[in-house]
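Q: Whatever this is, show me its structure:
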Amino acid sequence: MFGTTTARDLATRLDANADDYVLIDTRPAESYDSWRVRGAENVPFGPTETLSDDQRERVSELSNGDEILTICGKGATSARFASELDASGFENVAVVTGGMREWNELYETAVVETGTEDLLITQFQRRAKGCLSYLVGSKRAGEAVIVDPTRHTDQYITAAAEHGMEITDVLDTHVHADHISGGRDLAARLDVPYRLGERATERDLDYGFEPLADGETLSVGTIDLETLAAPGHTTEMVAYRVGDEAVLTGDSLFLDSVGRTELEFGEEGAETGARMQYETLHDTLLELPEELTVLPGHVTVENDGSYANAAPGDLVAASLDDVQSRLDLAALDEESFVERMVENVPKKPDNYETVIAINRGVETVGSATEATTLETGANNCAA
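A: Purely as a prediction, here's the structure:
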């Protein structure tokens, strides 16, 4: 009889670099190629298939006597595959329950080191998608704000409570295209203001929010968050400067790139967005003190499941000076920058038009299962 394991247990073994198992992904090759768990091997297997001699031989070569873990989209097909392996005499076989959907909902946290005793910044990392969100709080005041929360909102409430803090505001940097924001839901649960940059009034949102103007400051105890208009990825994009310690850049600036510009503007308007992005980069973000810690809205997760600039659980951050020095886009003149942004357009996030519509409030998502399906896949928000 085959066993089961959880996505969290798989993550623990992966982070420990365990070498006593093989992970076999049974999804079609195109799904595996676009997004997978690091180290997974692909043996496509359909829901009505039986184990073929070639598949049996392939699994035997891959496992070489080690434990066999199987994974698929939801856990059903991989369970059938595990059953077939078990019936064929393979020992020590287990299925990852919930499959890639469960993997897509794992989070890690990291604490940002600062020189301000009163300040607490916690980074939440959505492991499979690379979405990053933040708790910014004052220890003395016992207050905190949440920035760019995902729809899994319990973790923010729990984290604030663990630090003896009350969440007083919920902020988004922009209308997201790759995942469903938890901002409105979290604010409603806690009966606190939900805030966006003031230009969000131009996005035809079907809900109310508290607008933040360029230069407007929000105080959390003794901690000031200054709103910085940062259009480019979207018209209403803002960054939040946290005193003299950090800047939460959303999708305006990552550690290795900037936000792509055609998800809101469309292919025909990508150039307009690119010029906005150039101005934001050079006239706003790179004019900030170079020692500020850049805390982006995403980390790049490669197709093979690895992080581009960190490892899960490690802080995704760098000084502004470091980011600028390794960002080749920063050295381009405006015309070259715009050309690069417009011509090198990566694959769009899965279901991005529907996700944007949900985050604008003009469409709804019927269930958590539907939301998970919409969000499955890498974020692809970087240029």
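Q: For stretch 151-158, the averaged confidence score.
A: For stretch 151-158, mean pLDDT is 97.
Q: And the contacts of it?
A: The contact list for stretch 151-158 (CB atoms under 8 Å, 6 or more residues apart in numbering) reads 105, 107, 124, 133, 135, 146, 149, 167, 179-182, 185-186, 189-190, 371. To be clear about C-beta, it is placed using only N, CA and C from the backbone, and glycine gets the same treatment.
Q: just stretch 312-330 next, same as before
A: Contacts of stretch 312-330 (CB under 8 Å, 6+ apart): 11, 15, 108-112, 123, 125, 127, 132, 246-247, 253, 255-258, 281-282, 285-286, 288-296, 299, 307, 309-310, 337, 340, 383.
Q: just stretch 37-53 next, same as before
A: Contacts for stretch 37-53 (CB under 8 Å, 6+ apart): 10, 14, 22-29, 32-33, 36, 55, 58-59, 62, 71-72, 76-78, 80-81, 84-85, 87-88, 100, 103, 128, 304-306.
Q: Any stretches of the stretch 151-300 of the chain with poor pLDDT?
A: The model of the stretch 151-300 of the chain has no residue with pLDDT under 70.
Q: In strands only, show me the contacts of stretch 37-53.
A: Within these, residues falling in strands by DSSP state E are 22-25, 71.
Q: among the contacts of stretch 151-158, which are in helices?
A: Per DSSP state H, helices hold the following members of the contacts of stretch 151-158: 185-186, 189-190, 371.
Q: SS state for residue 240?
A: strand (DSSP: H, G, I helix; E, B strand; the rest coil).
Q: Who are the contact partners of it?
A: Residue 240 touches 136, 147, 171, 173, 225-228, 247-248, counting by CB under 8 Å, 6+ apart.
Q: Longest helix in the protein, please.
A: The chain, longest helix under DSSP H: helix 262-279.
Q: Partner strands of the helix or strand following it, with direction?
A: Counting by DSSP states H and E, the element after helix 262-279 in chain order, helix or strand, is strand 293-296. If you go by DSSP bridges, strand 293-296 pairs up with strand 246-250 (parallel), strand 318-319 (antiparallel).
Q: Make TSV out of those and add distance to residue 4 and mean neighbour count.
A: TSV is the format used below for the strands paired with strand 293-296 (distance: least, CB to CB, whole Å; neighbours: other CB atoms under 10 Å):
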stretch	distance to residue 4	mean neighbour count
strand 246-250	38	27
strand 318-319	39	18
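Q: and stretch 24-44, which residues are buried?
A: 24-27, 31-32, 35-40, 42-44 (16 or more other CB atoms under 10 Å).
Q: Residue nearest the middle of the protein, spatially speaking?
A: residue 131 (1.3 Å; CA atoms, centre = their mean).
Q: and the protein, what are its domains?
A: The chain breaks down into these domains under automatic domain parsing: 3-103, 107-375.
Q: Point out the most buried one among the ones you listed.
A: Across those, averaging neighbours per residue (mean count of other CB atoms under 10 Å) puts domain 107-375 on top, at a mean of 19.
Q: okay, how far is it across that one, tip to tip?
A: 15 Å (CA to CA, to the nearest Å).
Q: can you check stretch 338-353 too?
A: 23 Å.
Q: So which residues make contact with it?
A: Applying CB under 8 Å, 6+ apart, the set of residues contacting stretch 338-353 is 34, 177-178, 258, 260-263, 267, 270-271, 273-275, 277-278, 329, 332, 355, 374-383.
Q: what about 7 Å?
A: Residues from elsewhere that reach stretch 338-353 (CB atoms under 7 Å, 6 or more residues apart in numbering): 177-178, 260-263, 270-271, 274-275, 277-278, 329, 332, 374, 376-377, 379-381, 383.
Q: Return the distance of that stretch from the chain's centre.
A: Per CA atoms, centre = their mean, to the nearest Å, the displacement of stretch 338-353 from the mean C-alpha position of its chain is 17 Å.
Q: Now that stretch: average pLDDT?
A: The predicted model gives stretch 338-353 an average pLDDT of 87.
Q: before we move on, the earlier item: out of the contacts of residue 240, which is nearest to residue 198?
A: Closest approach between the contacts of residue 240 and residue 198, by CB to CB: residue 227, at 8.5 Å.
Q: Cross-check the contact I'm expecting between that closest one and residue 211.
A: No: contact between residue 227 and residue 211 fails when scored by CB atoms under 7 Å: they sit 9.5 Å apart.
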